[in-house]
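>>> Structure of the sequence below:
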Amino acid sequence: MEYYNYIKALHLIFVITWFAGLFYIPRLFIYHIEASGKSEQEQKVLIPQLKLMTWRLWFIITWPSAILATLFAIILLVMMPGWLQQPWMHVKLFFVLLLIGYHLKCHHLFRQLQRDHISWTSTQMRLWNEGSTLILFSVIFLVIVRDALNWIFGVISIFVLAILLMSGVRLYKIIRQRKNR
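From the prediction side, this is the model:
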């Protein structure tokens, strides 16, 4: 238990950098998708630069952070095995699995865009971009209010937040379309 706080600090640092990557990578995907609709001259400048930025973010920050956050989480669970008996931890691990799935889907999208295969619209990607935010909110609420009975209320609130975020994306699209007229 002597090193618990150091391991916890490292876990949190890499969770933060992992989420930073997951927040930004879909934004770069959006720029790439929108750049593909520009003139050929603009595409020749923008798309290679976006591919390079995306590659660096993905392999220099996001993947290493995901691996290290997971490694330190496993060490924490080995140090504190009683947590695995807690219902809040079961729910948190469910959200961690969702996060890993989200990460892997982003990797799939990354590989597609590196090959210039565009299968999503920028609006779909904007909605996808909110996934990591919802997972982050869920995990933070679970960890902070884990001993209270109202953590379930917190998780339900996440779904309300999801509806609000989706509505915000739709409203942004409407405003953007009106400006482009």
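>>> What ranges in the chain fall below the confidence cut-off?
Scanning the chain for pLDDT under 70 picks out 147-152, 154-155.
>>> can you give me the helices in this protein?
4-35, 40-56, 63-79, 87-114, 122-129, 131-144, 151-179 (DSSP state H).
>>> Assess the claim that S138 and I158 are in contact.
Yes - using CB atoms under 8 Å, S138 is in contact with I158, at 4.8 Å. Just so you know, the C-beta spots here come from the backbone N, C-alpha and C atoms, and that holds for glycine as well.
>>> if I pick the residue most central in space within the chain, what's in contact with it?
Residue closest to the average C-alpha location in the chain (CA atoms, centre = their mean): S132, at 3.1 Å. S132 makes contact with 19, 22-23, 26, 99, 102, according to CB atoms under 8 Å, 6 or more residues apart in numbering.
>>> let's see it at 6 Å
22-23, 102 (CB atoms under 6 Å, 6 or more residues apart in numbering).
>>> Adding neighbour count and distance to L165 as columns, could you present the residues you listed in TSV?
What follows is the contacts of S132, written out as TSV (neighbours: other CB atoms under 10 Å; distance: CB to CB, whole Å):
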residue	neighbour count	distance to L165
L22	23	15
F23	15	13
Y102	18	15
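>>> Now the residue nearest to the centre of the chain: closest residue in space, sequence neighbours ignored.
L22 (4.1 Å; CB to CB, 6 or more residues apart in numbering).
>>> can you tell me how far the one you found sits from Y3?
28 Å (CB to CB, to the nearest Å).
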